[in-house]
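Colleague: I need the structure of the sequence given here:
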Amino acid sequence: MRGKRKTRQARRSRGQWAALLAEQAESGLTREAFCASRGLVLSTFANARRRMRETPDTAGSGEEFVALSMDPSTTQAVVSAWDIELSLGADVVLRIRSV
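Modeller: The predicted structure is shown next:
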């Protein structure tokens, strides 16, 4: 006699897990009750919660994103040539130059 075959669910993205974790926190339900109401496996939910806490949103780079802003009223137009160099690691460098 064959056993019951489980259907495999699609993997969720980091953003989807973040939304589910936030929804559970705001719902006031226990993790068990929330998972039961959404058809989630409790251990999968717990593993996703642990992964979200352990790995930063920067995909493991160890560096934080820093947003830069410019005030257009104090910024002068750049008319000279420019070069951008981006070090991607593993001796890979991306260089972009104006023409």
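Colleague: can you give me the strands for this protein?
Modeller: Using DSSP state E, the strands of the chain run over 83-89, 92-97.
Colleague: Each with direction, which strands does the first one pair with?
Modeller: Spelled out, that is strand 83-89. strand 92-97 (antiparallel) (DSSP bridges).
Colleague: List the buried residues in the strand it pairs with.
Modeller: Taking 16 or more other Cβ atoms under 10 Å as the basis for neighbour counts, none of the residues of strand 92-97 comes out buried. (C-beta placed from N, C-alpha, C; glycine too.)
Colleague: Please apply the same query to stretch 42-59.
Modeller: Across stretch 42-59, burial judged by 16+ other Cβ under 10 Å covers 45, 48-49.
Colleague: contact partners of it?
Modeller: Outside of stretch 42-59, the residues within contact range by Cβ atoms under 8 Å, 6 or more residues apart in numbering are 12, 14, 17-18, 20-21, 24, 31-32, 34-35, 62, 64-65.
Colleague: and which of those is nearest to residue 99?
Modeller: residue 65 (29.5 Å; Cβ to Cβ).
Colleague: I'd like to know how many residues surround that closest one.
Modeller: By the criterion of other Cβ atoms under 10 Å, residue 65 has 8 neighbours.
Colleague: remind me which residues of the protein are low pLDDT?
Modeller: Counting by pLDDT under 70, the chain contains low-confidence residues at 1-7, 56-64, 74-79.
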